[in-house]
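S.K.: I need the structure of the sequence given here:
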Amino acid sequence: LTLTPVSNPSATDTIKLIITDVVKATVDLTNGDNTDTTTGGPTAGSSGQDTGIPVNTENTAPGTAVTFPLSVTNNSATPDNFNLSSTGLPNGWTVQYYVAKTNPDGTFVTENGKLVTTGAPITNTGNIPKGSTVKFVAVVTPSANQAPITQNVVFTVSSPATGLTDSMTDQVVVSAKRSL
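M.R.: All right, here's what the predicted structure looks like:
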């Protein structure tokens, strides 16, 4: 880059800009604390890439909701927001997302074995500062007439501003409906 003053065109100053490191911006969607509740080890999706292997599995009856902890980490140099979605669910199933209620140490609050949510359902994370993590709860409800099934649920976050995206897989096991 060469700078030339208007008042003295013969005087110039040249600098050489060298880019030595380019860090790719990413978003990471994980199950809350990056721990697989089945194995106790790191989550399969904590690398920032969905492996297709269910991280957490929840058992439920037809029509009864289960909750999954979700953490979204913005690993970029600027604030970003992310749309929340899920795919591959049978007809009649619903998924709603909420901001999670957390303890002062950042862990999820639970009551009666369920994660506690705050506010109304959301479809977007809102702005997440660079390098920060925000915690959410996904509430998955199978249809009331669902036959027994083991169903993968793919959660996805995608930025409408930057195109950054990440997905992870959890699983719902619906038991047979019992009646007397």
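S.K.: could you check how far Ala11 is from Pro5?
M.R.: The gap separating Ala11 from Pro5 is 6 Å, by C-beta to C-beta, to the nearest Å. For every residue, glycine as well, the C-beta is placed using N, CA and C.
S.K.: one more: Pro148?
M.R.: 79 Å.
S.K.: and what of Thr169?
M.R.: For Thr169, the distance to Pro5 - C-beta to C-beta - is 60 Å.
S.K.: looking at these two, which has the bigger crowd around it?
M.R.: Thr169 (19 against 10; other C-beta atoms under 10 Å).
S.K.: center of the protein - which residue?
M.R.: Centroid-nearest residue in the chain, with C-alpha atoms, centre = their mean: Leu29, separated by 3.3 Å.
S.K.: run through the bridge partners of it.
M.R.: The partner list for Leu29 in beta bridges (DSSP bridges) reads Val72.
S.K.: report pLDDT for it.
M.R.: For Leu29, the pLDDT comes out at 90.
S.K.: check Thr51 too.
M.R.: Thr51 is given a pLDDT of 66.
S.K.: so what's Asn59 up against?
M.R.: Shown in contact with Asn59 (C-beta atoms under 8 Å, 6 or more residues apart in numbering): Val66, Val172, Val173, Ser175.
S.K.: could you do Phe155 as well?
M.R.: Contacts of Phe155 by C-beta under 8 Å, 6+ apart are Leu29, Phe68, Leu70, Leu84, Ser85, Ser86, Val95, Ala138, Ser167, Met168, Thr169, Asp170.
S.K.: is it in a helix, a strand, or coil?
M.R.: Put simply, Phe155 is strand when judged by DSSP: H, G, I helix; E, B strand; the rest coil.
S.K.: now it: how far from Pro104?
M.R.: As for Phe155, its distance to Pro104 is 26 Å (criterion: C-beta to C-beta).
S.K.: could you pull out the strands for the protein?
M.R.: Applying DSSP state E to the chain gives strands spanning 2-3, 13-14, 26-30, 57-60, 66-75, 83-87, 94-100, 110-111, 114-115, 117-122, 133-141, 149-158, 165-174.
S.K.: what pairs with the first one, and is each one parallel or antiparallel?
M.R.: Pointing back at strand 2-3 there. Sheet pairing here is set by DSSP bridges, and for strand 2-3 it gives strand 13-14 (antiparallel).
S.K.: right, and Glu58 touches Phe68 too?
M.R.: Yes: using C-beta atoms under 8 Å, Glu58 is in contact with Phe68, at 6.9 Å.
S.K.: what sits in contact with each of these two?
M.R.: With C-beta under 8 Å, 6+ apart as the test, Glu58 and Phe68 both reach Val140, Asp170.
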